[in-house]
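Visitor: Compute the structure for the input listed below.
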Amino acid sequence: MELKTVRSQRWGYTRIIAGTIAGGMLGFYVMHRIETSYKAKWDEQLKKYVEEKARKENENIEVQSVDSSVLFSDDHSSPVQSN
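Guide: Alright, predicted model coming up:
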């Protein structure tokens, strides 16, 4: 009876150790996948943000160039009238 208890106890410890190692590996893998997908999502959002910012800057430059061409164009006659 004593030998059966020792084997059973050893098998219990083996299962606990194996379960701990397997659980740790599974947990590490899951967290790695979550971190990778999270990082990819934020990289995509950063890329969209940079593109949107560049587009807005280009629009501002175009608007400023149009405004400056209207203000400094030579097509307008001077407001001084000759009598």
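
Visitor: and Lys56, how far is that from Glu62?
Guide: Between Lys56 and Glu62 the distance is 11 Å, computed by Cβ to Cβ, to the nearest Å. (Each C-beta comes from the backbone N, C-alpha and C, glycine too.)

Visitor: what do you get for Ala54?
Guide: 13 Å.

Visitor: try Thr14
Guide: Separation of Thr14 from Glu62 (Cβ to Cβ): 72 Å.

Visitor: do the same with Gly24
Guide: From Gly24 across to Glu62, the span is 57 Å (Cβ to Cβ).

Visitor: same thing with Leu46?
Guide: On the measure of Cβ to Cβ, Leu46 and Glu62 end up 25 Å apart.

Visitor: what about Arg15, distance to Leu26?
Guide: Taken as Cβ to Cβ, the spacing of Arg15 relative to Leu26 amounts to 16 Å.

Visitor: Likewise for Glu59?
Guide: Between Glu59 and Leu26 the distance, using Cβ to Cβ, works out to 50 Å.

Visitor: give me every residue that touches Arg7.
Guide: If a contact means Cβ atoms under 8 Å, 6 or more residues apart in numbering, then Arg7 has no contacts.

Visitor: so where is this protein shaky, pLDDT-wise?
Guide: The model of the chain has pLDDT under 70 over residues 1-3, 67-83.

Visitor: Spatially central, which residue of it would that be?
Guide: Closest to where the C-alpha atoms of the chain average out (Cα atoms, centre = their mean) is Trp42, at 0.8 Å.

Visitor: Okay, and that one sits in which element?
Guide: Secondary structure assigned from DSSP states H and E places Trp42 in helix 2-71.

Visitor: from the middle of its chain, how far away would that helix be?
Guide: Relative to its chain's centre, helix 2-71 lies at 9 Å (Cα atoms, centre = their mean, to the nearest Å).

Visitor: For burial, what's the neighbour tally of Thr20?
Guide: 10 (other Cβ atoms under 10 Å).

Visitor: Would you quantify the distance from it to Lys53?
Guide: Relative to Lys53, and taking Cβ to Cβ, Thr20 is found at 48 Å.
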